[in-house]
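Novice: sequence and computational prediction follow.
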Amino acid sequence: DPDGSIFHYNGSIWTNELSDTTAWMEFLDIYGASATDIWTASDRDGMRHYTGAWSGSQYPWSYTINAVWATPQGTFYIAGDNGYVWRFLDWLGLWWFRVAGWGDYQSIWGTDDSDIFVVGTGGEIVHYNGSSWTWMTSNTNRDLLHVWGLSANWVFATSVHNNRLYHYNGDNWCDVDSGT
């Protein structure tokens, strides 16, 4: 929501949980590990964290945070502009990676702490194996907006243009016609 609001659905009605009237912001992504551990990403002021009440980021952000995701082990990752990916071990502990990408990262997903995919502008896809980041050949220069999968060898990325999907089979990425 461009006015900085977060809404919650309780099964019957929507309520405004947070309204930030101090600055215009747009929440770009949300991820919840539980009912009391929810993170948002935004284009200004970084992020919000819910642990029973909403709180703001504790770090000065100079980049847009486009995506947030957590491993099954509970480690949160966020991805953003200028090739940055951050890793949170807990709310007060922050590790960050400069993945040295040339563009903006739009989405992040993985199976666990040793198998993470990040996609972004210009068809950029990077993969984290638990110790280092590697660039993958995406076979496109189109901007990739989302990445999601079922396993390490069944991953999909979506493109902004021409309703294209890209599938990773564990060895390489290939273009898949979405049929739409």
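Specialist: Right, received. Where do you want to start?
Novice: quick check, central residue of this protein?
Specialist: The centre of the chain sits closest to A67, judged by Cα atoms, centre = their mean, with a distance of 2.3 Å.
Novice: gap between that residue and W135?
Specialist: 18 Å (Cβ to Cβ, to the nearest Å). Any C-beta I mention is one placed from the backbone N, CA and C, and that applies to glycine too.
Novice: list the buried residues in stretch 109-122.
Specialist: Neighbour-count burial for stretch 109-122 flags W109, G110, T111, D113, D115, I116, F117, V118, V119, G120, T121 (criterion: 16 or more other Cβ atoms under 10 Å).
Novice: end-to-end on that stretch?
Specialist: Stretch 109-122 stretches 18 Å from its first residue to its last (Cα to Cα, to the nearest Å).
Novice: what's the burial count for the closest residue in space to T15 that isn't next to it in sequence?
Specialist: Once flanking residues are discounted, T15 sits nearest to H8: 5.5 Å by Cβ to Cβ, 6 or more residues apart in numbering. H8 has 12 neighbours, counted by other Cβ atoms under 10 Å.
Novice: what's the first helix or strand after the worst-scoring helix or strand of the chain on mean pLDDT?
Specialist: Lowest on mean pLDDT, DSSP states H and E among the helices and strands of the chain sits strand 93-98, with a mean of 62. Using DSSP states H and E, the next helix or strand after strand 93-98 towards the C-terminus is strand 105-112.
Novice: give me the contacts around stretch 128-144.
Specialist: Stretch 128-144 has contacts (Cβ atoms under 8 Å, 6 or more residues apart in numbering) with 85, 97, 99, 106-107, 110, 113-127, 157-162, 164, 166, 168, 172-175.
Novice: off-centre distance for that stretch?
Specialist: 14 Å (Cα atoms, centre = their mean, to the nearest Å).
Novice: may I see the buried residues of that stretch?
Specialist: Residues of stretch 128-144 classed as buried under the neighbour-count rule (16+ other Cβ under 10 Å) are Y128, W133, M136, S138, T140, R142, D143, L144.
Novice: measure the fifth one to V160 for me?
Specialist: For T140, the distance to V160 equals 10 Å [Cβ to Cβ].
Novice: same question for the third one.
Specialist: When Cβ to Cβ is the yardstick, M136 and V160 sit 19 Å from each other.
Novice: where in the protein is pLDDT low?
Specialist: Applying pLDDT under 70 to the chain flags residues 1-4, 18-25, 44-46, 57-62, 89-102, 180.
Novice: show me what whichever strand or helix holds D175 packs onto, helices and strands only.
Specialist: Per DSSP H and E: D175 is located in strand 173-177. The contact analysis (3 or more Cβ pairs under 8 Å, 6 or more residues apart in numbering; DSSP states H and E) places strand 173-177 against strand 164-168.
Novice: other SSEs contacting the strand it packs on?
Specialist: With contacts defined as 3+ Cβ pairs under 8 Å, 6+ apart, strand 164-168 has these neighbours: strand 154-159, strand 173-177.
Novice: brilliant, that's me finished.
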